[in-house]
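Colleague: Show me how the following folds:
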Amino acid sequence: MTDERANPPRSDEPQPTGPPPPPAYPYGPPPGAYPGAYPPAPPPYGGYPMQPAPRGPANGLGVAALVLSVIALVLVWSVIGGLMFGITAVILGFLARGRSRRGEATNGGVAASGIALGAIACVLSVVFVGIWVYFGQRWFNDVGGRDYVHCLQQAGDDRVAQQKCEDAFQRRIEDSFGVKPAPT
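Modeller: A predicted model of the protein is given here:
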């Protein structure tokens, strides 16, 4: 220990004048710099490394697959609606099933239902295609469609003969449905 009395300041050294210099730590010493200090504050945002907030299950695809499969079943008679919605439901169902297996979703049963109902809608739509084609062809033949096509083939490029075929086909349709032609 040295005392100023033991080592007086030398007179040849310049003496500081004015206010004393600012302290090294303007807000006090850093934590832990002296005995009995408080522990340092935790880092912001819950600590490092930053952890993302836990997400809930991603069940949207499974629900979408089920909803689209129900729509497909309702529109199965319209062929396009049944096939388009059914295929989309099956695809979304398989994607949702994959999420469920990876643990990202909790609705594997809903996804499986979407797949099954979407597949049923696709099959029923294909059946309806067959029904529409069969009955459409039958109706076309019943009203003289086959005769009309044959007549047009024989007429070739003759515009007068083509007009006679069209008139005969129109009369046959009107007779089949009991429609009287409108006066012109």
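
Colleague: In this structure, what residue spans correspond to helices?
Modeller: Along the chain, the stretches classed as helices by DSSP state H are 60-74, 80-102, 108-142, 145-155, 159-177.

Colleague: Generate CSV for the ones you listed, with mean neighbour count, mean pLDDT and distance to Gly18 as supplementary columns.
Modeller: For every residue, glycine as well, the C-beta is placed using N, CA and C. Output for the helices of the chain, formatted as CSV (neighbours: other CB atoms under 10 Å; pLDDT from 0 to 100; distance: least, CB to CB, whole Å):
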stretch, mean neighbour count, mean pLDDT, distance to Gly18
helix 60-74, 21, 95, 71
helix 80-102, 20, 94, 71
helix 108-142, 16, 90, 79
helix 145-155, 14, 85, 114
helix 159-177, 13, 84, 115
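
Colleague: Same list, those, but as a markdown table with distance to Thr17 please.
Modeller: Shown next, in a markdown table, are the helices of the chain (distance: least, CB to CB, whole Å):
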| stretch | distance to Thr17 |
| --- | --- |
| helix 60-74 | 75 |
| helix 80-102 | 75 |
| helix 108-142 | 83 |
| helix 145-155 | 118 |
| helix 159-177 | 120 |
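
Colleague: looking at those helices, which is closest to Gln15?
Modeller: The minimum distance between Gln15 and those falls on helix 80-102, with 76.7 Å, by CB to CB.

Colleague: How far away from the center of its chain is that closest one?
Modeller: 11 Å (CA atoms, centre = their mean, to the nearest Å).

Colleague: helices or strands up against that helix?
Modeller: Applying 3 or more CB pairs under 8 Å, 6 or more residues apart in numbering; DSSP states H and E, we find helix 80-102 packed against helix 60-74, helix 108-142.

Colleague: what separates Ala111 from Arg55, distance-wise?
Modeller: From Ala111 across to Arg55, the span is 18 Å (CB to CB, to the nearest Å).
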